[in-house]
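A.B. asks: Below are the sequence and a predicted model for it; my questions follow.
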Amino acid sequence: MAAEGPPPLPAEGLELRRAHWIAATQMIVDATWSARSLQKAAARWATISLVLGLPASVVAALTAAGAGAAALLSKVPLLTAILALVAAVIAAAKAVLKPDETYQGYARKGASYLALRNDTRQFRSIRLRTPAIDAQELEKDLSALNQRLNSLGQQPPIRIPTWAYNEAKRSVAKGESEYAGDPFWEDPPF
């Protein structure tokens, strides 16, 4: 007895399913590139946060110690003043740039794009191949995914820095993500 495969897709909805497949694939590409770019931006801002945060803490501690020593010994007020000035400059830079918040914003939005990509892959790989799901339901699912994509584009951070996008492009060019020959990029199976 021959093994039974999945039931065939209804012929009348194949063209619409192909259109959904193409739209979902494009959404996956958009979400993947956006996520990769946002991850690059988040990584840089995490470094900036560390570079500003660690020295700010060390200099603040040194300033406090220097002020205490100067108060007790009254011999090095210039050192205390210099350390206080450096601490104030670093603290001001950190307050203006807000690297922790910026890093977290890019990281959260990148994670949201990855979640959208994964949900869209599930839609494309499973729901589009399920004969029992009618065209109206598929259209509703794809529309909801597209609304999420559009909503993400309006959430802060609004703009992906050009340098982050270029770094994402370079990482793909180096082979960190290979698309050629990947079965994911196949034509619709129906």
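C.D. replies: Great, that's in hand.

A.B. asks: What separation do you get for Ala56 and Gln104?
C.D. replies: Note on Ala56: its distance to Gln104, by Cβ to Cβ, to the nearest Å, is 18 Å. In this view, the C-beta of every residue, glycine as well, is placed from N, C-alpha and C.

A.B. asks: So which of the two has more stuff around it?
C.D. replies: Between Ala56 and Gln104, counting by other Cβ atoms under 10 Å, Ala56 is the more crowded of the two (20 against 15).

A.B. asks: wait, doesn't that one sit right on Val89?
C.D. replies: No: with contacts counted by Cβ atoms under 8 Å, Ala56 stays clear of Val89, the gap being 9.4 Å.

A.B. asks: Show me what the helix or strand containing Leu142 is in contact with.
C.D. replies: Secondary structure assignment for Leu142, by DSSP states H and E: helix 135-154. Contact with helix 135-154 is made by 13, 16-17, 20, 23-24, 27, 30-31, 34, 109, 112-113, 116, 119-120, 123, 127-128, as judged by Cβ atoms under 8 Å, 6 or more residues apart in numbering.

A.B. asks: Swap in 10 Å and give it another go.
C.D. replies: The contact list for helix 135-154, computed with Cβ atoms under 10 Å, 6 or more residues apart in numbering, reads 10, 12-13, 15-17, 19-21, 23-24, 26-28, 30-31, 34-35, 38, 109, 112-113, 115-117, 119-120, 122-124, 127-128, 130, 133-134.
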